[in-house]
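S.K.: Sequence first, then the predicted structure:
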Amino acid sequence: MTKVRWRSASGRVARFFDDMLVAASASLPERFRPALGKWDLAELEPYQPVYLAGFRAEAYTVDLEAGFDEARALMDRVILRDVKMDIGGDRQRVHRIDTDVSDVTFKHILLPVWIAAYRYRGKAYRFCVNGRTGAVSGERPWSAWKIAIALILALLLAAGIGYAVALNQGQI
């Protein structure tokens with residue numbers, strides 16, 4: 001039986017945030033972003049037009065207020081986690097968090113992400129490539145019959161190995 005003892009807690013938790021990345025493009029699907037990996041923001045260089053020479057680039061499509069709201073939601077999740085860790089214990093019920101934000105700055109940066117699509121059997125599949133690391137994220141076609149055959153072969157192989165082990169140990 002689980003026993004829970006609740007007690008009141010209050011206090012202060014400080015957290016500094018720097019370089020919270022928020023996509024300023026609506027064309028990069030949210031589900032692809034985590035797989036693109038981390039960005040080494042210490043390696044940023046000042047913009048030069050030659051970086052985009054010969055390439056099409058998208059201007060930001062998410063305005064500053066919406067971008068700040070997304071960054072704030074990310075920060076609020078981290079702050080809640082910090083508060084719960086500061087309270088300690090196995091369970092916490094946080095009723096209220098008041099945060100003070102100061103010295104907010106922002107910068108527009110260009111990160112090299114290539115977005116492309118291809119058609120396979122009449123269906124479009126999109127993918128993205130991190131231009132710095134080469135990490136790829138996207139959609140791909142699945143072949144149900146190939147997956148089924150691989151699963152059947154794996155089961156047959158496992159059964160064969162199990163039979164061979166049992167035969168070797170004299171259980172059969």
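M.R.: Ah, there it is.
S.K.: Now do the strands in the chain.
M.R.: Under the criterion DSSP state E, the chain contains strands at 113-120, 123-130, 136-138.
S.K.: Now residue 9: closest residue in space, sequence neighbours ignored.
M.R.: Once flanking residues are discounted, residue 9 sits nearest to residue 87: 5.0 Å by C-beta to C-beta, 6 or more residues apart in numbering. To be clear about C-beta, it is placed using only N, CA and C from the backbone, and glycine gets the same treatment.
S.K.: correct me, but the one you found touches residue 8?
M.R.: No: at 10.2 Å, residue 87 and residue 8 do not qualify as touching, with contact defined as C-beta atoms under 8 Å.
S.K.: Which pLDDT value does the model give residue 115?
M.R.: pLDDT, residue 115: 86.
S.K.: neighbours around it, how many?
M.R.: 15 (other C-beta atoms under 10 Å).
S.K.: which residues touch it?
M.R.: The contact partners of residue 115, by C-beta atoms under 8 Å, 6 or more residues apart in numbering, come to 27-28, 126-128.
S.K.: Among those residues, name the buried ones.
M.R.: The neighbour-count test (16 or more other C-beta atoms under 10 Å) marks 28, 127-128 as buried among these.
S.K.: what about residue 139, distance to residue 147?
M.R.: Look at residue 139 and residue 147: by C-beta to C-beta, to the nearest Å, they are 16 Å apart.
S.K.: Looking only at neighbour counts, state which of the two leads.
M.R.: residue 139 (15 against 10).
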